[in-house]
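# Sequence first, predicted coordinates after that:
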Amino acid sequence: MRFLVRHSTVARALLAALTMSLCMAAQDNPSPDHKPKHHKYSLIDIGTLGGPASYNSAGGVGNLILNDHGTVAGYADTSAPDPYAPNCFDPDCYLAHTFRWDGGVITDLGALPGVNDSAQSGINDRGWVTGFSQNGVIDPLTGFPAVHAGLWKNRQILDLGTLGGYESLGIYVNNDGQVAGFATINATPDPYSFLGAPTHAFLWQNGVMQDLGTLGGPDSFVGAGGINQRDGFVVGGSYTNDIPNPVTGLPTMDPFLWKDGKMTDLGTLGGTLCCQAATVANNQGQVVGGSNLAGDLISHPFLWTKKAGIADLGTFGGDNGQATWINDAGDIVGEADLPGSQTHDAFLWRKGVMTDLGNLGATSFAYAINSQGQVVGASRIDATPGNSRAFLWEKGSPMVDLNTLIPAHSSLTLVVAFNINERGEIAGTGVPAGCAPSDSELCGHQYVLIPGGDCDQDNEDRIAESQQRIAAERAANAQYPATAQSADSPLTPIERIRSTMRQRYHLPGQPAAPRD
């Protein structure tokens with residue numbers, strides 16, 4: 001099934017060429033006050049497959065949904081109701097399918113045979129997509145529809161199977177067609193696995209699913225950027241034993257790097273739990289993620305290298321932080337807490353220095369960075385939960401609301417920017433008129449932004465207006481500072497980690513994870 005959207009490939013190319021030709025003079029002749037110039041973008045609303053919403057990656061932050069050829073992968077609601085209601089795949093209870101968007105066309109990639117939901121986790125530069133699909137079987141351990149890892153190529157889905165249990169998830173696919181994910185190995189109840197049974201990381205290639213094992217405990221899983229392009233090594237987290245710790249209620253979990261048949265323990269920052277956030281590797285063999293510190297009450301982002309081992313990247317003076325992306329130059333982005341209120345800002349860590357990227361009024365979170373050092377993410381514009389806007393940060397200039405860089409009165413309000421590729425194209429989630437930013441999981445649309453020059457005075461005027469609003473919001477926050485959110489929860493620690501993981505991988509039975 002194919003659905004046309006507003007811009008064709010030819011139209012997109014003509015628009016970019018025309019805008020660039022008009023704006024070259026502005027690039028070559030900077031303004032006298034040396035204010036940074038900003039690109040403006042054409043907006044493409046990818047839309048849905050007939051239902052109310054479309055979604056970026058079921059694998060969470062750190063995954064690739066936009067490749068360097070401008071192809072986008074995601075999943076979206078169809079017009080059909082979810083056959084497994086009330087155990088729905090998505091909060092709105094519509095049947096959802098994986099899609100690929102390329103050259104102005106969105107293609108429904110379908111699901112495994114039957115009336116089943118499917119979701120995308122990642123895409124490679126060949127346009128191959130991995131994720132997972134229901135297969136029509138109910139997992140007796142969870143009571144929810146089982147899912148199998150899938151690989152979509154040439155518009156066909158390939159069932160990657162499991163390691164002996166009911167469930168598997170494909171998380172990342174590299175350009176060699178290797179898929180990293182995790183799968184249950186049997187149907188024995190496992191209190192520490194969010195899939196209900198013992199779960200191991202796997203590497204799939206050419207029809208063979210290889211069990212990567214664990215670091216000695218019952219379970220392991222791969223991170224969002226779970227396999228790199230160059231060396232085929234896999235990163236993730238694994239329990240090292242099956243003895244629960246007093247604070248977390250869980251066995252010790254360490255980050256790992258698997259290569260050539262060997263799983264290496266990367267260590268922690270002193271605590272017993274890593275990897276609730278993304279664990280991502282670049283093509284230089286550097287690994288980033290998050291780890292608890294001693295006492296297991298706070299968590300910091302880390303960088304691991306073969307030469308130096310694991311290093312604490314720190315925060316902005318607050319308790320917690322996490323790293324979500326690393327490019328091949330070793331630049332790292334994520335979020336880190338500020339002192340006092342424990343609110344957080346997006347950061348860029350480069351050569352030992354953590355830079356606060358600011359916010360659009362309240363908090364911010366960086367999701368991705370390309371080789372040019374352009375950073376994208378989401379920022380709350382006020383204290384209202386979920387009231388976020390997509391941002392771009394580049395060249396040391398202040399964080400910019402991406403909504404000021406698209407045509408006024410566009411069809412979407414851009415809520416989050418999830419990926420940016422080497423061409424400077426951006427993919428994320430926006431909401432149409434009548435849909436609140438906090439409801440993006442119920443009625444949001446995926447979008448693509450195409451850069452096209454930097455000389456539109458209307459954009460610059462709207463940036464100035466946005467900066468004035470941000471200044472006013474910060475003044476209000478200084479007068480009435482936010483307080484730290486309580487960590488109290490009616491859930492046990494084990495239930496919290498299982499809930500977090502089910503949210504992260506968008507499995508039935510949990511609400512969507514917060515995005516700001």
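Looks like it came in fine. Numbers count the residues shown, from 1 in each chain.
# any idea how far residue 438 is from residue 409?
Noted for residue 409: a distance of 22 Å to residue 438, by CB to CB, to the nearest Å. For glycine as for every other residue, the C-beta is placed from the backbone atoms N, C-alpha and C.
# Please name the residues that touch the closest residue to residue 204 other than its chain neighbours.
Once flanking residues are discounted, residue 204 sits nearest to residue 179: 4.3 Å by CB to CB, 6 or more residues apart in numbering. Under the criterion of CB atoms under 8 Å, 6 or more residues apart in numbering, the neighbours of residue 179 are 130, 149, 151, 160, 170, 171, 172, 173, 203, 204, 205, 227.
# could you flag which of those residues are buried?
130, 149, 151, 160, 170, 171, 172, 173, 203, 204, 227 (16 or more other CB atoms under 10 Å).
# In space, what's closest to the third one - neighbours in sequence excluded?
What it means is residue 151. Nearest one to residue 151, counting by CB to CB, 6+ apart, is residue 158 at 4.7 Å.
# hang on, residue 462 is in a strand, isn't it?
No. Using DSSP: H, G, I helix; E, B strand; the rest coil, the assignment for residue 462 is helix, not a strand.
# my read is residue 442 is in a helix, agree?
Yes. Counting by three-state DSSP, residue 442 is found in a helix.
# hang on, isn't it packed against residue 434?
No. Counting by CB atoms under 8 Å, residue 442 sits too far from residue 434 to count as a contact (11.3 Å).
# out of those two, which sits in the more crowded spot?
Taking neighbours as other CB atoms under 10 Å, residue 442 and residue 434 compare with residue 442 leading, 17 against 7.
# Now the more buried one. Nearest residue, chain neighbours left out?
Using CB to CB, 6+ apart, the nearest residue to residue 442 is residue 92, at 5.2 Å.
# again with residue 206
In space, residue 206 is closest to residue 177, 7.6 Å off (CB to CB, 6+ apart).
# helix, strand or coil for the one you found?
Applying three-state DSSP: residue 177 is coil.
# I'd guessed it sits against residue 128; true?
Yes. Contact between residue 177 and residue 128 holds when scored by CB under 8 Å: they sit 6.4 Å apart.
# Point out where the stretch 401-516 of the chain drops to low pLDDT.
The stretch 401-516 of the chain contains residues with pLDDT under 70 at 453-460, 463, 466, 470, 473-516.
# ranges for the strands of it?
For the stretch 401-516 of the chain, applying DSSP state E, counting those that start in this stretch gives strands covering 412-420, 426-432, 445-451.
# Check which helices and strands the longest one sits against.
Put plainly, it is strand 412-420. strand 41-47, strand 364-369, strand 375-380, strand 388-393, strand 426-432, strand 445-451 (3 or more CB pairs under 8 Å, 6 or more residues apart in numbering; DSSP states H and E).
# Adding mean neighbour count and distance to residue 78, write the ones you listed out as a markdown table.
Formatted as a markdown table, those follow (neighbours: other CB atoms under 10 Å; distance: least, CB to CB, whole Å):
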| stretch | mean neighbour count | distance to residue 78 |
| --- | --- | --- |
| strand 41-47 | 22 | 12 |
| strand 364-369 | 27 | 27 |
| strand 375-380 | 27 | 27 |
| strand 388-393 | 27 | 26 |
| strand 426-432 | 26 | 18 |
| strand 445-451 | 25 | 14 |
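# so can I have TSV of those showing distance to residue 292?
Formatted as TSV, these follow (distance: least, CB to CB, whole Å):
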stretch	distance to residue 292
strand 41-47	38
strand 364-369	20
strand 375-380	24
strand 388-393	27
strand 426-432	30
strand 445-451	34
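# Can you list the low-confidence ranges for the stretch 201-350 of the chain?
Residue ranges of the stretch 201-350 of the chain with pLDDT under 70: 229-230, 276-277, 341.
# Could you rerun that using 80?
Under the criterion pLDDT under 80, the flagged ranges of the stretch 201-350 of the chain are 224-232, 276-278, 341-342.
# quick revisit: just send the buried ones among the contacts of residue 179 back as JSON lines, with secondary structure and distance to residue 301 too.
JSON lines is the format used below for these (DSSP: H, G, I helix; E, B strand; the rest coil; distance: CB to CB, whole Å):
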{"residue": "130", "secondary structure": "strand", "distance to residue 301": "26"}
{"residue": "149", "secondary structure": "strand", "distance to residue 301": "28"}
{"residue": "151", "secondary structure": "strand", "distance to residue 301": "31"}
{"residue": "160", "secondary structure": "strand", "distance to residue 301": "31"}
{"residue": "170", "secondary structure": "strand", "distance to residue 301": "26"}
{"residue": "171", "secondary structure": "strand", "distance to residue 301": "20"}
{"residue": "172", "secondary structure": "strand", "distance to residue 301": "20"}
{"residue": "173", "secondary structure": "strand", "distance to residue 301": "25"}
{"residue": "203", "secondary structure": "strand", "distance to residue 301": "26"}
{"residue": "204", "secondary structure": "strand", "distance to residue 301": "29"}
{"residue": "227", "secondary structure": "strand", "distance to residue 301": "21"}
